[in-house]
Structure formats: structure tokens, C-alpha cells
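>>> this one's sequence-less:
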């Protein structure tokens, strides 16, 4: 059975990334954040959260990259122009070439969870453009972060439709 989504208060205790108001340019004809931007903002927050693990924005210049392999998306509450939003990340596990993560988009204006993105992403060697084992320093930093996140006082709300292979 799937764990329930953690409440806003627990998620708000995690470090915040991609903190910003919903811009007018992201609004759709329904007057709320357009569906295509939820994933982009969540991805931006995930990228920011990985910098301490050695995965920087300029990583491709160093011969490495992360490519998304799989997503599961859940939309829970609409966000409207001007609402403050932030991204929170929980790393679940790692294999030799992949990481499994949960990314939460919070509506901080209304103190609620708006969107959950479960993702598996891969380490890519940019010379071959194929998956490759994580560099040792990055792997160690990811393992440390995964262990830290495993100590959170709530169960991860995974979809059950994806995982590490």
C-alpha cells in the first residue's frame, strides 16, 4: 500500500530550492500554473539540490551529465500567479548508474503540497553519451544524502510504478 503524501509541515522542514512566485508567463487559460511548468520547476529544484553532492550546473563541461529516465507525476492543488512556491527533495536510493528521487513542489502561500514528481535519473558520460558509473566522490556524497533522507520521520510516498534496476 502506498504511503500517504507527507503534510506540508514536514516537507517545509526540508531545504528549499527554486523558491519563486508563480510568474504571469507560466499562467494558462485556466488562470493557474500551466501543467508543463510543474515538471520544469521541480527539475530546477532537483538540480539545485544536487550541487552539494558534486553535481553542478556546469557538470557537462566536465564530461558528465544527468539524464531523466522515468517520471511519475501527481498534481494535488493548483497554484495561481503570484503564489510563492518552493521545491523540496528526498533521495531514495542509488544504483551504480541511477538515482531514485521524490521532488515536492510546495505552495508556500497556502501552506500545502501542490505537486509530486517521482524520478529516476541516470549518470551519463558526455563523451559516449551513455550511462556510466557515478564518479566515486559523487557516489559517496549521494550515499550520504540518501542515508540522511532515509532517517526522515515519514515514509516516502512512492508510486510503486518505478524504481532502481
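That came in fine, so what should we check first? Owing to the predicted nature of the structure, the values given are computational and were not obtained by experimental measurement. Numbers count the residues shown, from 1 in each chain.

>>> so where do the helices sit in the chain?
Under the criterion DSSP state H, the chain carries helices at the ranges 8-12, 35-49, 136-150.

>>> Out of those, which is the most enclosed?
helix 35-49 (a mean of 19; mean count of other C-beta atoms under 10 Å). Every residue, glycine included, has its C-beta placed from N, CA and C.

>>> Packing partners of that one?
Packed against helix 35-49 by the contact rule (3 or more C-beta pairs under 8 Å, 6 or more residues apart in numbering; DSSP states H and E) you find strand 17-21, strand 64-75, strand 84-94, strand 98-107, strand 112-125.

>>> now it and strand 84-94, what's the angle there?
If you take axes from the mean of the first three to the mean of the last three C-alpha atoms, to 10 degrees, helix 35-49 sits at 60 degrees to strand 84-94.

>>> List the contacts of helix 35-49.
15, 17-18, 20, 26, 28, 55, 57, 66, 68, 71, 73, 75, 85-89, 101, 103-105, 114-115, 117, 119, 121 (C-beta atoms under 8 Å, 6 or more residues apart in numbering).

>>> doesn't residue 158 make contact with residue 3?
Yes - when contacts are counted by C-beta atoms under 8 Å, residue 3 is listed as touching residue 158 (7.5 Å).

>>> Who has more neighbours out of those two?
Each of residue 3 and residue 158 has its neighbours counted (other C-beta atoms under 10 Å); residue 158 has more, 17 against 10.

>>> Identify the residues contacting the more buried one.
For residue 158, the contact set (C-beta under 8 Å, 6+ apart) comprises 2, 3, 92, 102, 118.

>>> Check residue 28 too.
With C-beta under 8 Å, 6+ apart, residue 28 has these contacts: 34, 35.

>>> how close does it get to residue 117?
19 Å (C-beta to C-beta, to the nearest Å).

>>> Then residue 157?
According to C-beta to C-beta, residue 157 stands 12 Å off from residue 117.

>>> Now do the shared contacts for those two.
In contact with both residue 157 and residue 117: residue 102, using C-beta under 8 Å, 6+ apart.

>>> quick revisit: is it possible to mark the buried ones in the contacts of residue 158?
Neighbour counting by 16 or more other C-beta atoms under 10 Å classes 92, 102, 118 among the contacts of residue 158 as buried.
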